[in-house]
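S.K.: The sequence and its predicted three-dimensional model are supplied below.
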Amino acid sequence: MAADSEPESEVFEITDFTTASEWERFISKIEEVLNDWKLIGISSGKPLEKGVYTTGTWEEKTDEISFADFKFSITHHYLVQEPSDKDGKEDLVEDALPLPMQDLLCMNNDFPPRAHCLVRWYGLREFVVIAPAANNDAVLSESKCNLLLSSVSIALGNTGCQVPLFVQIHNKWRRMYVGECQGPGVRTDFEMVHLRKVPTQYTHLSGLLDIFKSKIGCPLTPLPPVSMAIRLTYVLQDWQQYFWPQQPPDIDALVGGEVGGLEFGKLPFGACEDPISELHLATTWPHLAEGIIVDNDVYSDLDPIQAPQWSVRVRKADNPQCLLGDFLTEFFKLCRRKESTDEILGRSAFEEEGKEVADISHALSKLTEPAPVPIHKLSVTNMVHSAKKKIRKHRGVDESPLNNEVLNTILLFLFPDAADKLAEGFESRTVTSAGNNPPPENEDYNLFSQFKSAPSDSLTYKLALCLCMINFYHGGVKGVAHLWQEFVLEMRYRWENNYLIPGLANGPPDLRCCLLHQKLQMLNCCIERKKARDEGKRGSVSDRSPGGSCGDAGKGADHSADNPEKEKEVGKSWESWSDSEEEFFECLSDTEDLKGNGQENGKKGGAKEGNKDPVNLKPEGRLHPHGKLTLLHPGEPLYVPITQEPAPMTEDLLEEQSEVLAKLGTSAEGAHLRARMQSACLLSDMESFKAANPGCCLEDFVRWYSPRDYIEEEVVDEKGNVVIKGELSARMKIPSNMWVEAWETAKPIPARRQKRLFDDTREAEKVLHYLAVQKPADLARHLLPCIIHAAVLKVKEEEALEDISSVRKIIKQIISHCSKVLRFPNPEDKKLEEIIAQIMSVEAIIARARSLKAKFGVEKCENEEEKEDLQRFVNCLLEQPEVSVIGAGRGPAGSIIHKLFVNAQRVSAVPPLDEELRRSGSSEERRLNVGTTSDFPPPTGREVILRTTVPRPAPYSKPLPQRMYSVLTKEDFRLAGAFSADTTFF
């Protein structure tokens, strides 16, 4: 048994050599990816057009493969080309070279400005790269490199793929690649040398030709001619100071408003430093035959002025400091502050420790005055007197973040009516100030509705600009808090003294604007009504006009009697009244007299008692006759009454009201209560209508107020005559209808003696409190849309001067983006940062355009044709990676570039004064030394492409393309060679 078991154990120990190794699996995976990407077989394509590597679209596909546990990424880079119309029969010629080998000799796309490094080095339109997947991984050992190359070679041979396959070796920053391309009977090896220190013999063309020829090892005695393409790159860094037009801002002259773009009300614009850091001039000899020029370690024929092709690219400064961008960024930082105004400035300037005796006596004397004493002059000193008085209690004058001069300048800018004008002049100014607005159809002016900011001529907009300026130049957040405190005190001063706020449109709050603007408009409405009431104005001649609603808009005494809980509030409103005592008592007696008649006469259809003796009711509060309608029962003309204007509301009040109404629920009781709350204005209008039209009925009111609810029909009466008979609509006949209930409870009281629908005293105090509790961060959030609005307008204004089409497109995108983000309350910080970044990028582009225009002297050019060419050249520099110079060094742009380099060379050649004095030699010697200075500095980069077609490796082999690319910079030397060999005849 033991003997039998031994052979069985030997069977299990047999190694199965058919199992694939890790290396074979790796090769198999490469082949699988090449198959998936359909890179198998003969590659076909048409010859490449000039410049297609730059203008065309490059795409890439990536997959992941692994060798054991080492992961590689495999990427296919290719130029997107239109499919060829031909069937590709010409490409199926038996001895045709693979497409990549043909590309090695193509001269149409040498030195592409924007492409993958392998495209620049080898001129390929398609290739595959295998590289370590992790950035910190690298293939360093020679054995691993050879193993990968062997894998590539086997995979290409197995699949018949003609696309070059590269392997990245060494550290990724070195950009070292080796690769291979196979075709029928031919193979191209891609090799590379990368050195830090340049061997001396390879710094010129003759040395590079020697290494190229020795590498080819061509056995033919008359060597086929080598074609050369050479590019020398010169860098200009010293632009000279006078070439940069942007002057640094003069902060000291800011208050005087003498600095262009820095006075209050305007945002600054432009870069503080040159946004163009370098100009790279590439001088190219695209096609030279060997022996035409000499370039060795002693002498060179490569004079940049004589180069047939010039091309220029500009290097932009990284994040240049731009004024508008800095303003926006600093203002946006305010949004993240947490401190309140009180915490920033110390103890609140709005609090007072106790009422002084003088203040109490002043209050008592004010109560006994028959009318307020008119203030004929309104000056900055008067405006801020109370603010100064209170602030001095808590901090010294020297401690104020804003000095008086700056503060007064800002207040005069915000409140131009505060200059020494007569009160009459002030009134007329506020009325006509709206006439200076741009026309409403102006697209720029109407931007505020898209951004939910404020009109560009409004107080809110100006305030935002002033706060932005102060935040940047005058004390940061402390300055902002100080100005805001002064602003709130000024608002209270205007409310108490009946001075309208300038820079705000008349009428109710505009819900298209930001909430702060709506609050200021609400305060203006309150001031307007209080002012009209205090001056005894009884309204204007328009229905529901502000004047009409203001006339005696206070609560009647009957209301205070009916509602004891409101007596305190009524008393408050009476304090601000200055109506005569006679009128006040007349209001009481009229109400008592009319109480009975109003109730009886208010029955639906008109009670007989009311119709019998209408003369007892004296009509009041008539605006004008209707003209067409007459009362149904007395037959007298129907008069349109003076009515109260509905209470203006800001969006937060509307939201609050809608929430209250929604909370009432859907029950019958809730619906009824909701209807009553919403019918306050209806009840007021009914009372006004009854007072203006004694003996009227509900049908009369409906005919005027809601004509669609009064249905008229032609009917034949008893005598056979056609008459028009009218009746209320179905909804008006519903039992417990709100209109009927309101009509029955309505008393004939004119608008001037009704309870105020809009309690301006209470609403003004609410607004003033709202303003006082705003933190600088809240303020910045409110006003950021205005700042972005102003920035967009500024950018549009500056772009109009430069006329850059790409910038116009970006501005349209910014406006579209802003309208989506700013429309909703509390936008995300990230989205706001994106908007600010877009505006900053536009500012940088315009600054670059101005910098280039100044450097190339576009404005100074007298020849119109040359000026247009230069302008086009500058615009191309902004939008394209590299721009060819028409006429090379002899064209208008070329001669300017030449002068720029000459000036820079002269400056660099002039030594410092003390060094020059120490130098020995006569002045003539020094002049000769300066005269020998070259127009151009030594080239920063030298690129050479050498090409030829020779048989390799034997004289009888097939002639195949050979190519070597060389680049030499200050600290980098690279040779990238593609050497082809015949694998059939060798």
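M.R.: Everything's here; your move.
S.K.: Show me the strands in the stretch 151-300 of the chain, by range?
M.R.: Using DSSP state E, counting those that start in this stretch, the strands of the stretch 151-300 of the chain run over 165-169, 176-183, 186-195, 227-236, 276-289.
S.K.: so residue 456 sits in a helix?
M.R.: No - Residue 456: not assigned to a helix; according to DSSP: H, G, I helix; E, B strand; the rest coil it is coil.
S.K.: That one and residue 791 touch, don't they?
M.R.: No - the criterion here is Cβ atoms under 8 Å, and residue 456 misses it with residue 791 at 11.9 Å. Bear in mind the C-beta positions are built from the backbone N, C-alpha and C, glycine included.
S.K.: what's the nearest residue to residue 468 if we skip its chain neighbours?
M.R.: Distance criterion Cβ to Cβ, 6 or more residues apart in numbering; nearest residue to residue 468, sequence neighbours excluded, is residue 331 at 4.8 Å.
S.K.: list the helices and strands the helix or strand hosting the one you found packs on?
M.R.: Element membership for residue 331 (DSSP states H and E) is helix 323-334. If contacts are counted by 3 or more Cβ pairs under 8 Å, 6 or more residues apart in numbering; DSSP states H and E, helix 323-334 sits against helix 459-473, helix 476-497, helix 776-802, helix 829-855.
S.K.: With adjacent residues omitted, what lies nearest to residue 137?
M.R.: Distances taken as Cβ to Cβ, 6+ apart put residue 70 closest to residue 137, at 7.4 Å, once the chain neighbours are dropped.
S.K.: Return the set of residues that bridge with that neighbour.
M.R.: Beta-bridge pairing for residue 70 (DSSP bridges): residue 67.
S.K.: quick revisit: which stretch among the strands of the stretch 151-300 of the chain comes nearest residue 125?
M.R.: strand 176-183 (12.4 Å; Cβ to Cβ).
S.K.: quick one on the thing from earlier: so which of the strands of the stretch 151-300 of the chain is nearest residue 864?
M.R.: Shortest distance between residue 864 and these, using Cβ to Cβ, is found for strand 276-289: 25.3 Å.
S.K.: tell me what that closest one is packed against?
M.R.: strand 227-236, strand 309-316, helix 829-855, helix 892-909.
S.K.: want to throw those into JSON lines with distance to residue 966 and mean pLDDT?
M.R.: JSON lines is the format used below for the helices and strands packed on strand 276-289 (distance: least, Cβ to Cβ, whole Å; pLDDT from 0 to 100):
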{"stretch": "strand 227-236", "distance to residue 966": "10", "mean pLDDT": "92"}
{"stretch": "strand 309-316", "distance to residue 966": "19", "mean pLDDT": "89"}
{"stretch": "helix 829-855", "distance to residue 966": "32", "mean pLDDT": "87"}
{"stretch": "helix 892-909", "distance to residue 966": "24", "mean pLDDT": "83"}
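S.K.: can you list these in a markdown table and add distance to residue 778 and mean neighbour count?
M.R.: Below are the helices and strands packed on strand 276-289 laid out as a markdown table (distance: least, Cβ to Cβ, whole Å; neighbours: other Cβ atoms under 10 Å):
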| stretch | distance to residue 778 | mean neighbour count |
| --- | --- | --- |
| strand 227-236 | 50 | 20 |
| strand 309-316 | 38 | 18 |
| helix 829-855 | 15 | 20 |
| helix 892-909 | 51 | 17 |
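S.K.: Enumerate every residue touching the closest residue in space to residue 791 that isn't next to it in sequence.
M.R.: Using Cβ to Cβ, 6+ apart and skipping residues adjacent in sequence, the residue nearest residue 791 is residue 839, 5.1 Å away. Shown in contact with residue 839 (Cβ atoms under 8 Å, 6 or more residues apart in numbering): 324, 325, 328, 788, 791, 792, 795, 814.
S.K.: Helix, strand, or coil at residue 967?
M.R.: Secondary structure, three-state DSSP: residue 967 is strand.
S.K.: Assess the claim that residue 641 and residue 686 are in contact.
M.R.: No - assessed by Cβ under 8 Å, residue 641 is found out of contact with residue 686, at 9.5 Å.
S.K.: Derive a ChimeraX selection command for the buried subset of the contacts of residue 839.
M.R.: Buried residues among these (16 or more other Cβ atoms under 10 Å), as a ChimeraX selection:
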select :324,325,328,788,791,792,795,814
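S.K.: Adding pLDDT, write the contacts of residue 839 out as a markdown table.
M.R.: Below are the contacts of residue 839 laid out as a markdown table (pLDDT from 0 to 100):
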| residue | pLDDT |
| --- | --- |
| 324 | 87 |
| 325 | 87 |
| 328 | 86 |
| 788 | 89 |
| 791 | 90 |
| 792 | 90 |
| 795 | 88 |
| 814 | 87 |
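S.K.: pLDDT weak spots in the stretch 701-850 of the chain?
M.R.: Applying pLDDT under 70 to the stretch 701-850 of the chain flags residues 717, 720, 722-723.
S.K.: 90 instead, please
M.R.: 701-767, 770-790, 793-836, 838-850 (pLDDT under 90).
S.K.: for the stretch 301-450 of the chain, same thing?
M.R.: Segments of the stretch 301-450 of the chain classed as low confidence (criterion: pLDDT under 90) are 301-304, 306, 314-450.
S.K.: circling back: common neighbours of residue 456 and residue 791, please.
M.R.: Common neighbours of residue 456 and residue 791 (Cβ under 8 Å, 6+ apart) do not exist.
S.K.: Low-confidence bits of the stretch 451-600 of the chain, can you list those?
M.R.: Applying pLDDT under 90 to the stretch 451-600 of the chain flags residues 451-487, 489-519, 521-600.
S.K.: Contact partners for the most centrally placed residue in the chain?
M.R.: Closest to where the C-alpha atoms of the chain average out (Cα atoms, centre = their mean) is residue 835, at 3.2 Å. By Cβ under 8 Å, 6+ apart, the contact list for residue 835 reads 788, 814, 817, 818, 821.
S.K.: got these as a markdown table, with distance to residue 620 and secondary structure columns?
M.R.: Below are those laid out as a markdown table (distance: Cβ to Cβ, whole Å; DSSP: H, G, I helix; E, B strand; the rest coil):
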| residue | distance to residue 620 | secondary structure |
| --- | --- | --- |
| 788 | 52 | helix |
| 814 | 57 | helix |
| 817 | 57 | helix |
| 818 | 52 | helix |
| 821 | 53 | helix |
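S.K.: List just the nearest of these to residue 304.
M.R.: Of the contacts of residue 835, the one sitting nearest to residue 304 (Cβ to Cβ) turns out to be residue 814, at 41.4 Å.
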